[in-house]
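Q: output the structure for:
(one chain, ligands or ions: 2)
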Amino acid sequence: MSSYPKFAVVGHPNKGKSSIVASLALDNSIQIGNTPGTTQVKRGFPLKVDGKVVYELFDTPGFQRARRVFSWLEEHGDVSADKRADIVREFVFKHKENNQFRDEVELLEPILAGAGIIYVVDASKPYGAEYEVEMEILRWCGQPSMAILNLIGDEDYREDWSRALGQYFRLVRTYNPITAGHREHLELLESMAQLKEEWTNPIKKAIGVLENLHEQKIENSISTIVDYMVNVLSFVHTENIKDEVLSQEEEEAAKVAYREKIIRYEVNERASIERIWNHNNIEKKEGALSLEDVGLFSKESASIFGLSQKELIVTGASAGALTGVGFDLLTAGHSLFLGSVIGGVVGGVGAMFGFDNLYEVKVLGQSLGKRELSIGPMQNLNFPYVLLGRSLYHASTIAKRSHAVRSDLDLNNNSFTEKIMEASMRKELEKLHGKLRKSDEVEDELLVAYKKVIRESFRQLLD
Ligand SMILES: Nc1nc2c(ncn2[C@@H]2O[C@H](COP(=O)(O)OP(=O)(O)OP(=O)(O)O)[C@@H](O)[C@H]2O)c(=O)[nH]1
Ligand SMILES: [Mg+2]
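A: Numbers count the residues shown, from 1 in each chain. Ligands and ions are numbered 1, 2, ... in the order given. Alright, predicted model coming up:
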């Protein structure tokens, strides 16, 4: 016999049963729909961590003919309470082969096989006595049970519902599968652990396992973002060219290739984050990381990425101090975060707000008759913050997203309005960028600082 706890999520059609299963099993592939009857057959969704099942949830179709089922039970079940589950078993056995009570047979089977009952209601609709036959049938099964009040709409009839549900179920809890995050998930598990003594320890263990898993996902996300930042900020695109002097077309083509690779980095970074959080294959309304859209960094849209206008100008001021310093001196030896170092020299106001002409196209390595064109790294001073803003926004949205949500993920540029980091953190980075302009010895220090900023900002966004 398998040792992990099992729960059957049951109720009326279209009350959020599949949504609850999706959110508790961390599985975004479960079918959810806004018409009743989306789920037609029962299906078990085990939550596996490191290959081990911590618990299993059964998604089931809603009750269709509860009244007739209950009549059958009453006709055949003039027995003492301890024998009632046998009558339900007999009902399932008798009706297994025909379709008359298909939905009820489907939903009762996992319960009769030992699963706990999670009865789901939509408490934004008024209570009605018609639910009582469903609750009676479930009571006859004699399994540990709890009810979940789900608020699908805006109204709130939880008090009425609780008075009724309390007579049938051991526990009644509110849980919204669409908005529930990690904390709500664990809180619900705490309740589920109380339903049956022999489930208490396995579920407490599951909570520990899920806490560790969540921490691991956060740390993996942070590393992914740090790697991405380093890769993009130090990225230099090179290609072989024929002539000593670049044609306009060659320069344009090189710029396009450079931009495309940067964008590819972002696409891959997002895919990695989505994999970490089990959110692969979600539909996205995506605004590409545009390297040309000057408007993106206009003072008017400075609130994008949580950068205030003042903060943008602060960046500009530290850049101004650099004017006159030799370009070669600055670029020599630096690989990491090169863009943020040299931006001030090249840029002026453009270095803060625009992208065009903010990366250098240089012809290098002409020895042995081979000519190489090199482009990058990005010299826009705000570029590191753009990358940070976009990746932290995306990663925190994914991390907080319930697996019951089926709407598109909005990643258009105007959705990046959240403040991504504390002013003090930004100052810390600026200070290190400034130091890096004088000596590349702070490169490691800057990397550590980036990691710290990303960790703190990400955790704050998750709270
Ligand atoms: N806003 C909101 N919508 C919800 C919530 N729970 C479920 N829904 C929506 O309600 C609809 C039904 O959700 P499902 O999870 O498919 O319901 P079900 O009980 O499994 O339905 P059947 O399989 O048809 O019996 C879907 O459109 C969900 O997105 C909620 O807490 N809030
Ligand atoms: Mg369903």
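
Q: which ones are touching the closest residue to Leu73 other than its chain neighbours?
A: Distances taken as Cβ to Cβ, 6 or more residues apart in numbering put Ile87 closest to Leu73, at 5.6 Å, once the chain neighbours are dropped. C-betas here are computed from N, CA, C, even on glycine. Each residue near Ile87 by Cβ atoms under 8 Å, 6 or more residues apart in numbering is listed here: 73, 76-77, 79, 140.

Q: likewise Tyr4?
A: Contacts for Tyr4 (Cβ under 8 Å, 6+ apart) come out as 46, 53-56, 202.

Q: dump those into CSV; add pLDDT and distance to ligand 1 as well.
A: Formatted as CSV, those follow (pLDDT from 0 to 100; distance: Cβ to the nearest ligand atom, whole Å):
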residue, pLDDT, distance to ligand 1
Pro46, 96, 18
Val53, 95, 22
Val54, 94, 22
Tyr55, 96, 19
Glu56, 97, 17
Pro202, 95, 26
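
Q: residues contacting the residue in the stretch 301-450 of the chain that ligand 2 sits nearest to?
A: Here the stretch 301-450 of the chain gets closest to ligand 2 at one residue, Ala404, 10.7 Å apart by Cβ to the ion. Residues near Ala404 by Cβ under 8 Å, 6+ apart: 16, 18-20, 22-23, 28, 30, 32, 177-178, 180.

Q: distance of the residue nearest to Leu73 from Leu108?
A: As judged by Cβ to Cβ, to the nearest Å, Ile87 and Leu108 stand 11 Å apart.

Q: likewise for Arg406?
A: Note on Arg406: its distance to Leu108, by Cβ to Cβ, is 28 Å.

Q: settle it for me: which of the two has more neighbours?
A: Between Arg406 and Leu108, counted using other Cβ atoms under 10 Å, Leu108 has the larger neighbour count: 26 against 16.

Q: tell me the contacts of the residue of the stretch 301-450 of the chain at minimum distance from ligand 1?
A: Closest residue of the stretch 301-450 of the chain to ligand 1, Cβ to the nearest ligand atom: Arg406 (6.2 Å). Arg406 is in contact with Ile32, counting by Cβ under 8 Å, 6+ apart.

Q: which parts of the protein sit against ligand 1?
A: 13-19, 32-34, 36-39, 61-62, 150, 152, 176-178 (Cβ under 6 Å from any ligand atom).

Q: now the helices: where do they sit in the stretch 1-150 of the chain?
A: All helices of the stretch 1-150 of the chain, identified by DSSP state H, counting those that start in this stretch, fall at 17-25, 66-76, 84-95, 102-112, 132-141.

Q: how much space between the closest residue in space to Val405 that isn't next to it in sequence and Leu432?
A: Excluding its sequence neighbours, the residue lying closest to Val405 (Cβ to Cβ, 6+ apart) is Ile178, at 6.0 Å. Look at Ile178 and Leu432: by Cβ to Cβ, they are 41 Å apart.
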